[in-house]
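In: Sequence plus predicted model, see below.
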Amino acid sequence: MNPNLAEEHLQTIRLLMERSAVYRRALAPIMLVAGGLGLLAGGIGLGLHLESAPAFAGLWLGTASVVVTLAFLLARRQAIKDHEPFWSPPTCRVGQAMLPPLLSGLVLGGWLILPAAHWEMNVPMALVWLLFYGCALHSAGFFMVRGIKWFGWGYIIVSILLTVFISAATGVVGPSTGNWIMGLLFGGLHLAYGGYLYFTEQKSSAV
Amino acid sequence: MNPEPFLQLDRLIHEKGRLAIMSMLAASPELSFTELRNTLDMTDGNLTTHIRTLQQEGYVSVTKSYQNNRPLTTCSLTAAGRQAFTAYIDLLEQIVRQNKPQ
């Protein structure tokens, strides 16, 4: 056997083994919680008129923190129930894949919001967050069930289309638009995908 | 070059399709037939044939059950399968090492 062929074989084996050990915890509960909280936060933002840039940023960063904490707890509970380690190699890979886009979105969002005092920057900030969140989901999709990649693409495409539409149209953005966008897109899309997963997701779990 | 390691390679695992199945099963406690088929992009017939061959050799065990009233076939490596796969990898590494400049 040609040694180069042997090396190629080994690389293929490694690739297949990595692909096999995908992150397959049940995502439906996490998506449903994220969706419910997203819609709730949107409702709070609209109801309490949290429209100034700091209030808007505070509301949605707070919501994101709660969602991340609950997602962590839900995944950990599943791992304990299945007698498996929470911080498994696929979990590490998912975390590593999501971190750069999420951090970029956070920094860029902060850079947009810091000099702003009113609501004008809420929509650009929301679109930046959703775009980078979509990128994070897409990256994680390489180590998760394949639907996550499409879910990520959904955020990316909707964010780009909305950016183009809002840039071209005049008078469509108001003080509450940011909360509408975040509520409907962050909350609504998670809820829809969570509902889909609830009925289709395989109940078995592994690493 | 010493041809010995190559001659020792397990012919059953060396086949492309079966090697892919063994690689995937080696990294996971068990995988469903559907997961294997989708990831490896194989036809049902092709995958069934390979799994049957591996099963006959005692490398893979197949479990049939029901999930949500639907049949579920799951595959996993047996101890013999894991041992054969490890030996196969060791031989491949030996072939690669042989050709590396000292």
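Out: Structure's in. What do you need?
In: buried set for stretch A:48-66?
Out: Neighbour counts using 16 or more other C-beta atoms under 10 Å in any protein chain shown place A:50, A:51, A:53, A:55, A:56, A:57, A:59, A:60, A:63, A:64 of stretch A:48-66 among the buried residues. In this view, the C-beta of every residue, glycine as well, is placed from N, C-alpha and C.
In: Could you single out the nearest of those to chain B?
Out: residue A:64 (31.5 Å; C-beta to the nearest C-beta).
In: Next up, the contacts around that closest one.
Out: Residues near residue A:64 by C-beta atoms under 8 Å, 6 or more residues apart in numbering or on different chains: none.
In: could you check the distance from it over to residue A:187?
Out: 12 Å (C-beta to C-beta, to the nearest Å).
In: buried stuff in the helix or strand hosting residue B:66?
Out: Assigned by DSSP states H and E, residue B:66 belongs to strand B:60-67. Burial within strand B:60-67, assessed by neighbour count using 16+ other C-beta under 10 Å, is assigned to B:60, B:61.
In: how about the residues of chain B that lie near chain A?
Out: By the rule C-beta under 8 Å from any C-beta of the partner chain, the part of chain B lying against chain A is B:1, B:6, B:9, B:19-20, B:23-32, B:38-40, B:67-68, B:89, B:92-93, B:95-96, B:98-99.
In: again, 6 Å this time
Out: Within chain B, the positions near chain A by C-beta under 6 Å from any C-beta of the partner chain are B:6, B:20, B:23, B:24, B:27, B:28, B:29, B:92, B:95, B:96, B:99.
In: Run through chain B and note the low-pLDDT ranges.
Out: Applying pLDDT under 70 to chain B flags residues B:1-6, B:68, B:100-102.
In: Which stretches in it count as helices?
Out: Assigned by DSSP state H, chain B shows helices spanning B:4-8, B:11-14, B:16-26, B:33-40, B:44-56, B:79-99.
In: how close does the closest residue to residue A:122 other than its chain neighbours get to chain B?
Out: Closest residue to residue A:122 apart from its sequence neighbours, by C-beta to C-beta, 6 or more residues apart in numbering or on different chains: residue A:178 at 3.0 Å. Distance from residue A:178 to chain B, counting by C-beta to the nearest C-beta, to the nearest Å: 39 Å.
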